[in-house]
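*Asks:* Got a predicted structure plus its sequence, pasted below:
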Amino acid sequence: TQLLEQSPQFLSIQEGENLTVYCNSSSVFSSLQWYRQEPGEGPVLLVTVVTGGEVKKLKRLTFQFGDARKDSSLHITAAQPGDTGLYLCAGAPGSARQLTFGSGTQLTVLP
Amino acid sequence: EADIYQTPRYLVIGTGKKITLECSQTMGHDKMYWYQQDPGMELHLIHYSYGVNSTEKGDLSSESTVSRIRTEHFPLTLESARPSHTSQYLCASSEFAGQGINTEAFFGQGTRLTVV
């Protein structure tokens, strides 16, 4: 059973479109992180959300942490080909110490 | 730029060989991790460590072992490689900031292992 489920698993859109990626769990997290990974590289941190209901913006990317701290979403406005990559959410539930990653969303933005 | 390094970057070996994947970080991080990832797919945690002489197995059953004799070094060893071990192996490190607090994980570029 996947602790952090992401949807959709694959997403292919045209440049300029908007999209939302979801990260859901039945466990409560003190914080959740979003990473982006390009082919041949390791994941790179985009943001950490800590407070339930929190919204963080990073240029065209908007991240939201659910009120119950069990889910998060990533919204991209006016997607660009440079946004192409694997988006991963990550967290350590409850008192767990190890960082667990979600199932991932592979995004392709076509020019 | 992250100061975490993995070697080799690519490795092709025969079945039954013993191999060690190297991972070193110069950031003084207490927490280190090994993940296994097939291309474009999720990361599976195989081992982690919270400091010297502390190692634990992750969620994915693995035939590998790790050691943490020094803070900066976290090697992964496969005693007898098999074709099913073919994958990408990613090493990461992060600061310890308290129970349940996630700090940024810095990743190496990975080792792509092929067992023939």
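*Replies:* Arrived safely.

*Asks:* Please report how far A:F65 lies from chain B.
*Replies:* Relative to chain B, A:F65 is positioned 12 Å away (CB to the nearest CB, to the nearest Å). For glycine as for every other residue, the C-beta is placed from the backbone atoms N, C-alpha and C.

*Asks:* Break down chain A into its strands, ranges please.
*Replies:* Using DSSP state E, the strands found in chain A span residues A:5-7, A:10-14, A:19-24, A:32-37, A:44-49, A:55-58, A:61-65, A:71-76, A:85-91, A:100-101, A:105-110.

*Asks:* which of those has the lowest average pLDDT?
*Replies:* Lowest mean pLDDT within the strands of chain A: strand A:100-101, a mean of 89.

*Asks:* hang on, the earlier thing: quick one: closest of the strands of chain A to B:T71.
*Replies:* strand A:44-49 (21.4 Å; CB to CB).

*Asks:* Give the pairing partners of the closest one; include direction for each.
*Replies:* Partner strands for strand A:44-49, per DSSP bridges, with pairing direction: strand A:32-37 (antiparallel).

*Asks:* Just the C-alphas of the partner strand, formatted as CSV.
*Replies:* Output of strand A:32-37 as CSV, limited to C-alpha atoms (Å, rounded to 0.1, in the frame of the first residue of the first chain):
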residue,chain,number,x,y,z
LEU,A,32,4.9,17.8,3.2
GLN,A,33,7.4,18.6,0.6
TRP,A,34,7.3,18.8,-3.2
TYR,A,35,10.2,17.9,-5.4
ARG,A,36,10.8,18.0,-9.1
GLN,A,37,13.1,15.5,-10.9
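
*Asks:* tell me the angle of that strand relative to strand A:61-65?
*Replies:* With axes from the mean of the first three to the mean of the last three CA atoms, to 10 degrees applied, the angle from strand A:32-37 to strand A:61-65 works out at 150 degrees.

*Asks:* Strand A:85-91 and strand A:32-37, what's the angle between them?
*Replies:* On the basis of the same axes, to 10 degrees, strand A:32-37 is oriented at 150 degrees to strand A:85-91.

*Asks:* Return the set of buried residues in the one helix or strand B:Y50 maps to.
*Replies:* Under the criterion of DSSP states H and E, B:Y50 resides in strand B:43-51. When burial is assessed from 16 or more other CB atoms under 10 Å in any protein chain shown, strand B:43-51 yields the following buried residues: B:43-49.

*Asks:* That's all I had, so thanks and see you.
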